[in-house]
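J.: need a structure here:
(2 chains)
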Amino acid sequence: MYFELTPYLIMLIVPLTVVAIDLVINSKRIPYLLTIIGILISISLFLDILLSGTSFNKYMISVNKFSIYLSIIFLIGGILTATVSNEFLESAHAEFYSLLSFSLLGMMLAVSTKNLIMIYIGMELASLSLIPLVSFFKKKEKSTEAALKYLILNGISSALFIYGISLFYVSTSTTNLIQLSKISLGPLSLPALAFVVVGIGFKISAVPFHFWAPDTFEGAPTPITSFLSSSSKKMGFGVALLIFPMALASYQANWTTVFAILAVGTMTLGNIAAIKQENIKRMLAYSSISQSGYILIGLAVATKIGLAGSLIQILAHNLGSGAAFILIGGIALTINTELIEEFKGLGKSSPLIALALTICLLSLGGIPPFAGFLSKFILFLSAIEENMLWLAVIGIINSAISIYYYANVIKNMYFYDKQIKSEISRPFKIIAVFAILSLIAVGLGYDPILELAIEAANTLT
Amino acid sequence: MVMEYAWLIPVPLFIVFGINILLNKRLKNRTSGYLATGAVAFSFILSTLIFISSLLTGSKFHGSVTWFQLGEHVIKAGYLIDPVSSLMLLVVSLVSFLVFIYSLEFMEDDRSKPRFFGELALFSGSMTGLVLADNFLLMFIFWELVGLCSYLLIGFWMEKSEAASGSKKAFLITRIGDILMLSGIMLMFTQIGSFGFEETFNSFGQLSGDLQTITLLLLFGGAVGKSAQLPLQVWIPDAMVGPTPVSALIHAATMVKAGVYLLARISPLLSSSPLVTSIIAYFGILTALFGAYSALTQKDIKEILAYSTISHIGFMVFAIGVMGYSASLFHLFNHSAFKALLFLAAGVVITETGKHDITKMGNFWKRGKLVPIATLIGCLSLAGIPPLGGWFSKEMILTATMQGGNYILVSLFILASFLSPIYIFRWYSLIFSTNRRKKVGDKSSGYLMVLPIVALATIAGLAGLFNSSFNEWMPWSLHHGSHAILAIGSTLVVLTGFTLAILIYHLKLIDINRIKENTLFEILHKFSFNALYIDDSYTKLGFKAFSFSILASKFDDKYVDGVINAFGAFGRKVSSKSKSFDDIGIDGVVNGVADSIKFSSSLARKIQTGLVRDYSLWILIGTITILIILKISGG
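T.: Here you go, the predicted model:
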């Protein structure tokens, strides 16, 4: 009867086992294999719950289609990171993998509840485990700088978020989202809303709370950058989707405009800043900011289709951006640079990696038949249907601008005749094949995935 | 029934793409070409069967399956075979087949043959997919895929520095059109709730008049981008840096026709909106004039053909605008044949002479008669000389124009068709004419390159015979009016242009250099050579826009950089400290202590000079703004 909790339990047991074994045997492979196997078991348990159609709602935990959909997305991000991490690590493998698993557990808990306190605990567990991971290469100054920035700004955002929660509690004497939706919030409602928005705004790097993101993304070890973009950010969105459409439905008129404006600012500024970046990691960091803007469109629209669009865009970005970061990490390992200019000739020397990176970038740019097209298409459609044509138009223009800098990378990879030596190891090739297949499958509208996203969106309203 | 199997047409091409890209280095160069040619031969045979069965029975076929569900909307995907799509299928697969054969020899020495044939196969597969699609969404997906292939293939020759910029330009400029089209499709979907052609045609009438006009104009915007109409025509001349078979297939015969195909597809919607059709007609005829005028003075062998393509697609779009749908498609068919032929011939000329500048060519007639004669047939058809296909289709367009009764359009059309023979016979004479004392190279082309040219010449030569049966087969009827005088007149105008070109460029009875001294002519020449300076002004505007974006991103950097500097210093200290702890040595400890003192002082300084202040400022501004918005929008 507590079967629905087993995936969470696995993600708790795995890191503890990893650390325990490390006390006895100092091995590189054991933590790596244990973590990957743990994540895979967790994913399959989630799929099993989906197939059996049960749900769980007791104490402070609530397992339903929405939480399963997002948890699987986090776990996919986790597995992308875990698969290649051994290529980057030199020591302290057990610590790395156990922190990664703890962070995943935090993310999963943050979206598997209907209680604000649990959301907060989950978010903190996820973020605090991430800070040492960001600074894992303590000898590289950029890595340390990145962690420090993340630490301070995450602190500010968490403080604001919990302050917002406390205001809710003061006005309503409850932290339960379902009860919250039934009670009027009174005079403190707007400050409470504002603080929660700002707190989440940091997590999802919405403009103007995005300043930490490019530096942290650039400085962190690349697998962790991928994890930040594919999973950590998505946790922020999961929390926003959990709180706003349901618990704060009576204030929809207020927050719709806020999210619409945040969406416009985030899309546009992220795009414009990405255009002139020469370091691909930094460019993708800005691109990741602008992609968050699209997800906000669905939150602003807040219809079933809009929320489903957001969820599909979360998946599309999780796959596209997560894999893209991993792949450039792999490329950078062999050619020792992250400059876009130095990617010349890659199309010839490692065709599979170049093809996969191309598809990731095209998907991010919203070119069919890849996942990013379908998600954006649904988001823009939902905005037009809700008479927010202006939002859709700005989104469309932005996705057109973004092609410019994505095409630049593709141009460098394919259109220059230059001999470079790049021998990219097998884990990256696995990720490449996975990215190609999954982006095309989602982009062609593979029905079970879309259906799950739509059903997940239905549980939100 | 063979039509049911139409969905198989693109399949082998996609498979070949996968094989060629994934096996890349392991595949023998020859094998990759044969695989692709085999796949396209299959598509060609199947398309021909479908074409014949459509021609004989005039029947239609529509098959579809459920694609996915979006809320209460069920999105379907399928394929639609009717006269329009079976004609396009034939054009695409026929030209693909011939171009693939040609490429076997043309690309013989290229090291990246598998990539070339892989991308070419992906293109042909996507293009047939575009034609088969039974709904706007599926069509758009293939629409983008062919654009992507065009992008990859233009930039195929990496050695050329222009290749990268030309391909990027083509991709970005056509994207403008694509976005308009996508917006049109979405607008339509939110009103009608379906992407299917049939459903859309049935319920389009329910939309308000303004909405109809906007939607149609947005879709036309897509056609403008893809088919290189004014004002988005600038990418085609730059796309000519790609390999010649690519120019022949993608930028002359097939992809650039996608816009015309789209317009023909939505013809049931266009017929009810006179405003939109007249806008289309004017855009088309102005493009036709622009292309022909710019083609008059170019020097690059392929760029002349590129401007000519712009001009002729202008004719097709114009024909759509005056509701001569079947005339437009007949011209599309003829143009695909003769323009692919001319490009392939240009490829032969370029390989044998190694030159691109036609003013430095000549005497090519001596290199065996097959290619020059075939090219001559193509040129005659392009110029609109009876009784070739080009003449018939132009006459059909003229008939349709006359039915509209707009004499401005009629005269503009005749003017544009007067220019066609002049530029194309300038091109032909400068390359092939024996009057010049120019040497030709000693390289010669094999039969794989010559045969496709001869095959296309045969088609271009005989196409005119089928004009009346073509007209009956198409779903729209075009009545031949009693405009005999005008038809004869326009033919005479074309013949005059032809004679003039022969006099100037072939016989040299009129000295072109003397006319050039005239100031007016000089100005005209300059404008023509620079294609009305449209591209240049875009470049300048584009540069401004780009510098604006840099300016905008500076805003971001001002803050980001401040933070970077501050934290960078901080991070350096921390890391150097941890490094010293790691190095177990006396120096380490000493430095560590010294560093930590320096570090704390510099940290204090940084905190006071901006970093935290900047951040708290932004948090404050952000929070207050959000509060204000919350307050205002709540009413």
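J.: what about B:Ala457, distance to B:Cys379?
T.: Distance, B:Ala457 to B:Cys379, by CB to CB, to the nearest Å: 10 Å. Every residue, glycine included, has its C-beta placed from N, CA and C.
J.: These two - which one has more neighbours?
T.: The neighbour comparison of B:Ala457 against B:Cys379 (other CB atoms under 10 Å in any protein chain shown) goes to B:Cys379, with 27 against 24.
J.: Spit out the contact partners of that one.
T.: Shown in contact with B:Cys379 (CB atoms under 8 Å, 6 or more residues apart in numbering or on different chains): B:Phe338, B:Leu342, B:Ile424, B:Phe425, B:Trp427, B:Tyr428.
J.: mind checking how far the fourth one is from chain A?
T.: Using CB to the nearest CB, to the nearest Å, B:Phe425 is found at 36 Å from chain A.
J.: For that residue, pull up the helix or strand it's in.
T.: In this assignment (DSSP states H and E), B:Phe425 forms part of helix B:407-432.
J.: Mind checking the pLDDT average for the helix or strand just after that helix?
T.: Scanning forward in sequence from helix B:407-432 by DSSP H and E, the next helix or strand is helix B:447-462. Averaging pLDDT along helix B:447-462 yields 89.
J.: What is the burial count for residue 87?
T.: Unless you meant another one, I'm taking chain A. Around A:Glu87 there are 17 other residues, counting by other CB under 10 Å.
J.: was after chain B, sorry
T.: By the criterion of other CB under 10 Å, B:Leu87 has 25 neighbours.
J.: Once you drop chain neighbours, what's closest to it?
T.: For B:Leu87, ignoring the flanking residues on the chain, the nearest one in space by CB to CB, 6 or more residues apart in numbering or on different chains is B:Leu329 at 6.2 Å.
J.: can I assume that neighbour is in contact with B:Val84?
T.: Yes. Using CB atoms under 8 Å, B:Leu329 makes contact with B:Val84 at a distance of 6.8 Å.
J.: Looks to me like B:Trp67 is in a strand.
T.: Yes. Counting by DSSP: H, G, I helix; E, B strand; the rest coil, B:Trp67 falls inside a strand.
J.: Please report how far it lies from chain A.
T.: For B:Trp67, the distance to chain A equals 5 Å [CB to the nearest CB].
J.: now do B:Lys257
T.: 20 Å.
J.: Near that residue, how many other residues are there?
T.: Counted with other CB under 10 Å, B:Lys257 comes out at 26.
J.: what about residue 396, helix or strand, and which?
T.: Picking chain A for this. Per DSSP H and E, the secondary structure element for A:Ile396 is helix A:389-414.
J.: Not quite, go with chain B.
T.: In the assignment (DSSP H and E), B:Met396 maps to helix B:389-404.
J.: quick revisit: show me what the helix holding B:Phe425 packs onto, helices and strands only.
T.: helix B:274-295, helix B:301-321, helix B:370-383, helix B:389-404, helix B:484-501 (3 or more CB pairs under 8 Å, 6 or more residues apart in numbering or on different chains; DSSP states H and E).
J.: if you set the cut-off to 6 Å instead, what comes out?
T.: Using 3 or more CB pairs under 6 Å, 6 or more residues apart in numbering or on different chains; DSSP states H and E, the elements in contact with helix B:407-432 are helix B:274-295, helix B:370-383, helix B:389-404, helix B:484-501.
J.: Excluding sequence neighbours, find me the nearest residue to the residue sitting nearest the centre point of chain B.
T.: Nearest to the geometric centre of chain B sits B:Val256, at 4.0 Å (CA atoms, centre = their mean). Using CB to CB, 6+ apart and skipping residues adjacent in sequence, the residue nearest B:Val256 is B:Ser227, 5.3 Å away.
J.: State the pLDDT value of the one you found.
T.: On the pLDDT scale, B:Ser227 gets 92.
J.: Can you list phi and psi of it for me?
T.: Dihedral pair for B:Ser227: phi -100, psi 20, per degrees, to the nearest 10.
J.: Now for it, how many residues are close by?
T.: 29.
J.: Repeat that for A:Thr337.
T.: Neighbourhood size, A:Thr337 [other CB under 10 Å]: 13.
J.: how far away is it from chain B?
T.: For A:Thr337, the distance to chain B equals 19 Å [CB to the nearest CB].
J.: hang on, that residue in a helix?
T.: No. Under three-state DSSP, A:Thr337 falls outside any helix and is assigned coil.
J.: just the helices in the stretch 151-300 of chain A please.
T.: Here the stretch 151-300 of chain A has its helices, by DSSP state H, counting those that start in this stretch, at A:177-180, A:189-203, A:212-219, A:222-227, A:233-242, A:252-275, A:280-301.
J.: Please name every helix or strand in contact with the shortest one.
T.: Okay, so that is helix A:177-180. Under the contact criterion of 3+ CB pairs under 6 Å, 6+ apart, helix A:177-180 touches no helix or strand at all.
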